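S.K.: just need the structure, nothing else, for what follows:
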Amino acid sequence: MVVVPGIRTRNRSLRIFRLTAFNYLSILGLTSHRFAIRKGTHIFAPVGNRDLLSKSVESSIEEAILSKKLTPGSKLPSELELCGQFGVSRTAIREALRMLSARGLVSIAKGKGVYVKSVSADSVTTPMHLYLQLQYERNHVLDVIHARQLIEPAIAASAAVNHTSDDAAKLVKDLEDLKACTGEHSELSRLDLAFHLDIAKASENPIVPLLIDPIHRLMPKIKASVYASVKDAQHSAIEWHGKILDAILKRDAAGARKAMEGHLRIAEDHIRFTFRKAEGE
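M.R.: Here you go, the predicted model:
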């Protein structure tokens, strides 16, 4: 491309030179106080580990979000500004932003910029669920049920003490839906697990559903297999869910704990039976 010399070209070249010089000086930490104030206060500092540039950038932006230096809805500096603040290439910035977007911390609007997202429960539980799913093997199924046996009786007891009228109505509906279900085993599995998640919500502790949800997401396939293999599985689930619900509605914490313990013992027996049947024993 032929460039005709002129004022605009010289001005553009001067701007590029100034920006390049500023970026270089930023890397060295030598930008002037006067210039920094004119450009605005920087949120970020240059990263030091050159082997993990994008990860360092990602961690720094995440920390700014967690410390509320960047709040939901706020716009991040442009790629070019981030390059200057961190002292890295656009490639490292783009990779860091891509990872933050995948984790649900920022949204990238093409042509508009990058914005901090409001953190939802799903953005918290999904990474844990994905990790568990990737590590999940058949012999881990019993580990999952044992984890539930440790956690869910206490959750049921808490729900008995703390549930609201809305929580109670939801649990009653969950049980009615399970009783009425004549559909696929996968639908029975979904309704079964919905009851347990709603018990977690009825504890009125917002952290509890976040803890239990990733574990429950591992269960649908095995629960569907149980419903397909164990003749009275639906009847058993209805019976035990009814016992748990009765105790919760009576605000009987000890009774709710005991009913959940019994329910999960039977659930383990059903899973073991399903395994034996699949193996042809």
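
S.K.: how about the helix or strand in which residue 81 is found: buried residues?
M.R.: Applying DSSP states H and E as the criterion places residue 81 in helix 79-86. Buried residues in helix 79-86, counted by 16 or more other C-beta atoms under 10 Å: 81-86. The way it works is simple: take the backbone N, C-alpha and C, and place the C-beta from them, glycine included.

S.K.: cool, and stretch 188-204?
M.R.: Buried-residue list, stretch 188-204, by 16+ other C-beta under 10 Å: 188-203.

S.K.: pick the one among those closest to residue 70.
M.R.: residue 201 (29.7 Å; C-beta to C-beta).

S.K.: what's the spacing between residue 265 and residue 81?
M.R.: Separation of residue 265 from residue 81 (C-beta to C-beta, to the nearest Å): 59 Å.

S.K.: in three-state terms, label the closest residue to residue 229 other than its chain neighbours for me.
M.R.: Distance criterion C-beta to C-beta, 6 or more residues apart in numbering; nearest residue to residue 229, sequence neighbours excluded, is residue 274 at 4.4 Å. Counting by DSSP: H, G, I helix; E, B strand; the rest coil, the backbone at residue 274 sits in helix.

S.K.: count the residues that sit near residue 274.
M.R.: Using other C-beta atoms under 10 Å, residue 274 has 20 neighbouring residues.

S.K.: now stretch 246-260, how far from the centre of its chain.
M.R.: Here stretch 246-260 shows a centroid-to-chain-centroid distance of 30 Å under the convention C-alpha atoms, centre = their mean, to the nearest Å.

S.K.: okay, buried residues for that stretch please.
M.R.: For stretch 246-260, burial by neighbour count (16+ other C-beta under 10 Å) applies to 247-248, 252-253, 255-260.

S.K.: show me the helices in the stretch 151-281 of the chain, by range?
M.R.: Per DSSP state H, counting those that start in this stretch, the stretch 151-281 of the chain carries helices over the ranges 165-180, 185-202, 207-216, 220-229, 233-249, 253-278.

S.K.: double-check the residue nearest to residue 229 against residue 222; I have them as touching.
M.R.: Yes. Here residue 274 reaches residue 222: they are 7.4 Å apart, a contact under C-beta atoms under 8 Å.

S.K.: common neighbours of the two, please.
M.R.: Shared contacts of residue 274 and residue 222 (C-beta atoms under 8 Å, 6 or more residues apart in numbering): none.

S.K.: pLDDT weak spots in the chain?
M.R.: Across the chain, the ranges flagged by pLDDT under 70 are 1-51, 119-139, 280-281.

S.K.: if we use 50, what do you get?
M.R.: 1-39, 51, 129, 132, 134, 136 (pLDDT under 50).

S.K.: how about the helices in the stretch 1-150 of the chain?
M.R.: Remark: helices assigned in the stretch 1-150 of the chain by DSSP H, counting those that start in this stretch are 7-28, 33-39, 53-66, 79-86, 90-102, 121-135, 141-162.

S.K.: let me see the contact set for residue 118.
M.R.: Contacts of residue 118 (C-beta under 8 Å, 6+ apart): 72-73.

S.K.: try it again with 6 Å
M.R.: Taking C-beta atoms under 6 Å, 6 or more residues apart in numbering, we find residue 118 in contact with residue 72.

S.K.: and it, how far from residue 107?
M.R.: Distance, residue 118 to residue 107, using C-beta to C-beta: 10 Å.

S.K.: kindly report the same for residue 180.
M.R.: 40 Å.

S.K.: repeat that for residue 233.
M.R.: For residue 233 relative to residue 107 (C-beta to C-beta), the value is 42 Å.
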